[in-house]
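J.: Here's my sequence, what's the structure:
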Amino acid sequence: MITEEQLLGAGDLAVLDGVARTLAARGDRVDDPAWVARARRGWQDTPAALRRVVSDFRRHSGPEGRLVLTGLPVGDVPATPMVKGSVQHTPTVGAAVLALVAHGLGDPAAFAAEKSGALVQNVVPVPGEEQVQGNTGSVELTFHTENAFHLHRPDYVLLLCLRADHDGVAELRTFCVRAALDELSAASRAALAKPDFVTVAPPSFGGDGEGALHAVLTGDPADPDLCLDEAATRPLSDEAAAALADLRTAIRQRYTGVRLRPGDLAVVDNRVTLHGRSEFVPRYDGADRWLQRTFAFADLRRSRDHRPGDTTVLEK
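T.: The predicted structure follows:
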């Protein structure tokens, strides 16, 4: 079973740092297919202890559906960006670490409608965006499945902390359905398993306010997948609304939080675990909270019809 945090030994961290620095020194762009291929091969050169932990998590993500790796190398960290759409195109140690671990989970990929399809994206507060329910805001970010509206949602969300917030209060919050399944009534579980819910895509993905019908719980009733965006999912019946209220209560009672520090990498199993963030106060002084994000897909071929030319970018 996966423990809450995993700390590699000094020797293993030195090996990982060497692999990441070698990868960061080769190629001009993180999004270059040749660089991605080097990262895929480089994963085999990372410490066996890291590969075992990631392999175990991929097979079963445990009761929390979250893995936190601590003390990973991030290299030199410049001033925190402060603009919308900020991404990491230039290879760095941090970007290399994300790409390596993503290959341990499957394949990295991104969405053309989101930050131009960049594989490594900056999650930073942006002036004027404080109230936004998204990665540029600093108010409480409600619980959600990443890209809950999309047919091909990422299987894993990787969040690498380059810099914590000034006050050290911002926490990544997660809720795994496994932790509260027994607390939901039989009626609620049955209602959540019916396609009586709609999650609307944002305008950047061509959302028109309609959305497709879907169930919140799918798969094996004993260990279901969970698909929900608190800010964008709506019930279509009284029964569905009551069940969703029951689930929301469970979320508030059973979520867990972790305050990421530089070098901490959180991996969220997007199939069974929702994530969000607590409120924090940015200062816009170049030293604000800075996470870098990558998505990993356990079976990239499932989205082949969304990726013309078999690229790492889903075009629709």
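J.: where exactly do the strands run in the stretch 101-250 of the chain?
T.: For the stretch 101-250 of the chain, the strands defined by DSSP state E, counting those that start in this stretch cover 107-111, 121-123, 141-144, 156-163, 172-176, 197-199, 212-214, 217-218, 225-226, 233-235.
J.: And stretch 218-238, end to end?
T.: 20 Å (Cα to Cα, to the nearest Å).
J.: Flag every buried residue along it.
T.: 224-230, 232-233, 235 (16 or more other Cβ atoms under 10 Å). The C-beta positions use only the backbone N, C-alpha and C, and glycine is treated the same way.
J.: do the same with stretch 80-87
T.: Going by 16+ other Cβ under 10 Å, stretch 80-87 has these buried residues: 80-82, 86-87.
J.: contact partners of stretch 49-69?
T.: Residues outside stretch 49-69 that contact it (Cβ atoms under 8 Å, 6 or more residues apart in numbering) are 1-2, 4-9, 12, 16, 43-44, 101, 104-106, 174, 176-179, 256, 258, 260, 264-269, 271-273, 298.
J.: Can you tell me the closest non-neighbouring residue to Phe175?
T.: Tyr255 (4.2 Å; Cβ to Cβ, 6 or more residues apart in numbering).
J.: rewinding a little: what is the nearest of the buried residues of stretch 80-87 to Leu291?
T.: Thr80 (10.1 Å; Cβ to Cβ).
J.: which residues touch that closest one?
T.: 124, 162-163, 286-290.
J.: mind redoing it with 7 Å?
T.: 124, 163, 286-288, 290 (Cβ atoms under 7 Å, 6 or more residues apart in numbering).
J.: re the thing from before, rebuild the strands of the stretch 101-250 of the chain as a markdown table, extending it with distance to Ile251 and mean pLDDT.
T.: Putting the strands of the stretch 101-250 of the chain into a markdown table (distance: least, Cβ to Cβ, whole Å; pLDDT from 0 to 100) gives the following:
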| stretch | distance to Ile251 | mean pLDDT |
| --- | --- | --- |
| strand 107-111 | 25 | 97 |
| strand 121-123 | 21 | 97 |
| strand 141-144 | 6 | 97 |
| strand 156-163 | 17 | 98 |
| strand 172-176 | 5 | 98 |
| strand 197-199 | 15 | 96 |
| strand 212-214 | 18 | 91 |
| strand 217-218 | 13 | 98 |
| strand 225-226 | 10 | 98 |
| strand 233-235 | 12 | 96 |
